[in-house]
Every structure is written in C-alpha cells, then in structure tokens.
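S.K.: here's my sequence, what's the structure:
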Amino acid sequence: MVKDHPIHPVILCGGSGTRLWPVSRKTLPKPFLPLIGDTTLFEQAIGRISGDASDGGFAAPIVVAGPQYGSVIERQLDGKEHRLIVEPAAKNTAPAIALAAACLDPDDIMLVCPSDHHIADETAFRNAALSAAHLAAQDYLVSFGITPESPETGYGYLRRGEELPGGHKIARFVEKPDFARAQTYLESGEYSWNGGIFAFRAGQLIDELTAHRPEMAEAVLASVRQGRSEGSRFYPSAEVFAGIQGDSIDYAVMENTARAAMVPADMGWSDIGNWAALQDALTAAPVGSDCDTNVRKGSVDLIDCSHVLASTDGPRISAVGVADICIVVSGGEVLVTTRDGAQLVGKLPGAAEQ
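M.R.: Below is the predicted model of the structure:
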C-alpha cells in the first residue's frame, strides 16, 4: 500500500517456454502447468498478489496475454476479479507493459510480474514490492534485484549505485556475462540478477516511453483509445498495434532513463528457464527430490544416480549410474539433456516446430 492506494499488479503471460519442451508447448506453455506443487506458475503468481484488496494492499490484477490463452487464464483465475488485456500480437515486454499503463490512471502504481517465475518466500516478495512501490511513487522506475546465488551466465545483472530509501539507484545494466565475469560480479557483492519484475507509476512509464520510444508510445496509446471492452476483457486496436516494432522494457526504457532504481530481493526466486533450473527449484522446495538431489515424477527407477531429473507421463524411465542429466517423457516425445545443455532445448526441431 502506498499512501492508502493499492498497488496494481500486472501479470505478463508471454512466451511459449520452449526450453521446457516437451512438457511446455505452444498450446499450453509453462505458466499454465503445475511444475512446482499442485498449482500452476500462473496460479501461484496470482496467489502472491491476492487477498489484500480490501485493506488497500493489492488491487485486482491486470493480466496481459495473447488471445489464444484467454480461456485457460479465466479458468485458472477461477472467478477472481481481474481485467484481461488481450494483446493483439506478441511485441515483447515494453508494449505489453505500456498497454497496462495506458489502461490505468497516471498516478496508479503498477507492479509488473512475469507469470512463469517461482518465488519461494512470498513474505520477502511482498516486502520488496512495498519498497519498490514507494520508490515508484517518487517517479523512479524500479527493478527487483535478485540476490545472486551463483555465477549465472543466463541472466542480466544490475550494479547497485547510490543508496535510496529501501533500495538503490542502478549504476549499470550488464548483459548476460561469460562465466569469468559472472564470478567477478558474484564476488564483488555489488551486483544483482535482473529478475524481470518492475514497479512504475503508470504515467511516469508512459512519459519515459514517449521520451525514448515515441513511435511505440504513440501506437500503444492509440491502440488503447481505439480499443473496446467486452466484460472483463479489453481488446486494443489490432490494426494500430500491428505497426509497433517490439522491444523489451529494459532496452526501450530501463537502460535509457535517468530514474532507474532497484530494490534488493532475496526471496528464493527462479525464472524456471530450463529443465536444470526447474530441477534446482524442486530440489530446494523440496518436491519429489531425494537425498542424491534426484527429482522424480511418474514411474521412475534410478540406481546409483545423482543430480538427475526424471519425469514421465507414462512409460517407465530407468537409469543406472548417470549424473547431471534431465530425462523427460511427455506426449509421445522423449528428451535427454545434460544440465549444461538444458539452455539449448528450445533450439531442438521438436521444440521449435511444435
């Protein structure tokens, strides 16, 4: 809650989760799958920002998603109050977030969350959200800086700058580094992972987008002006939106603004970006892991194995004497990858052509 006004959660449902193929598919991608526990990542994202509307904590969520996912989103919301912005085309995160901002009052504080991340410590998440909202109310554009646990090369990094109440200015954005640089960042204690979670004042976000991507901002605003509502769904103008050249919120705004800030967040975060990341999250939970950090789902027999993820929707998986691999059987497809190779799963023909 910021000055007795609720925070407006914006849940982004984009991407097809190809690196979690063959379980994640275009028809039902990873946000809508029960990968950790009995509920889906989307349901968990909604749960983290639910239950406080009556006392001014969180308003009803705004969900931004493509038209193909409207039915599954409404089914998994299970009657919860919401607004669904039906994105006419996938244009990356900057236009998607701007659509939500254009549908809010300029002074509304928006908390932008991906729909497919895992957060183990919801109390820490809410505390970080409150700190971020306070900075956003002062017209900072705020990223969650995830406390790094290892020298990851698959994430962008944020270097902390001048201290602010509850956070820091961002001194530097760093693209995905090589391992040596990631190790240096980890040892310095000055860097955080860029978690892709943000807080903005809606009007400030639109102003910054107008300054740095004026054509995008103009097209987004026009698509909202010319859009239409049908119940809880809002349809921006597809014709206008089609002309937008897509870009990420980091490239379009965050790396250009003079008002970039971050709040530290140590909350058991994972983007569940591939099978190895899912294995790590399940091991930490733990859900289905054993003393050798193996993770099993379905009919699985493992002997003398360690750091193995084995998941099947039918046929038995049997493995002996292997380590650091992921074996997945789903929908008639079989995937075997090393943990190191898990980032490349999305490039396989089966994943790319699903």
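S.K.: mind checking the longest strand of the protein?
M.R.: Using DSSP state E, we find that the single longest strand of the chain is strand 191-201.
S.K.: tabulate the CA atom coordinates of that strand in PDB.
M.R.: What follows is strand 191-201 as a C-alpha-only set of coordinates in PDB (Å, rounded to 0.1, in the frame of the first residue of the first chain):
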ATOM      1  CA  TYR A 191      25.600  -6.900  -8.500                       C
ATOM      2  CA  SER A 192      22.200  -8.500  -8.500                       C
ATOM      3  CA  TRP A 193      20.400 -10.600 -11.100                       C
ATOM      4  CA  ASN A 194      17.800  -8.700 -13.100                       C
ATOM      5  CA  GLY A 195      14.700 -10.600 -12.200                       C
ATOM      6  CA  GLY A 196      12.300  -9.000 -14.700                       C
ATOM      7  CA  ILE A 197       9.900  -7.700 -12.000                       C
ATOM      8  CA  PHE A 198       9.300  -4.000 -12.000                       C
ATOM      9  CA  ALA A 199       7.300  -1.200 -10.300                       C
ATOM     10  CA  PHE A 200       6.300   2.000 -12.100                       C
ATOM     11  CA  ARG A 201       3.900   4.900 -11.700                       C
END
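S.K.: what's the average pLDDT for it?
M.R.: Regarding strand 191-201, the rounded mean pLDDT is 96.
S.K.: now it: buried residues?
M.R.: Residues 191-201 are the ones in strand 191-201 that count as buried (16 or more other Cβ atoms under 10 Å). Any C-beta I mention is one placed from the backbone N, CA and C, and that applies to glycine too.
S.K.: other SSEs contacting that strand?
M.R.: With contacts defined as 3 or more Cβ pairs under 8 Å, 6 or more residues apart in numbering; DSSP states H and E, the secondary structure elements packing on strand 191-201 are helix 93-102, strand 109-114, helix 122-136, strand 141-146, strand 157-164, strand 260-265.
S.K.: return the most buried member of these.
M.R.: strand 141-146 (a mean of 28; mean count of other Cβ atoms under 10 Å).
S.K.: avg pLDDT for that strand?
M.R.: Across strand 141-146, the average pLDDT comes to 97.
S.K.: list the strands paired with that strand, with their directions.
M.R.: strand 191-201 (antiparallel), strand 260-265 (parallel) (DSSP bridges).
S.K.: can you add distance to residue 165 and give the ones you listed back as TSV?
M.R.: Output for the strands paired with strand 141-146, formatted as TSV (distance: least, Cβ to Cβ, whole Å):
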stretch	distance to residue 165
strand 191-201	14
strand 260-265	10
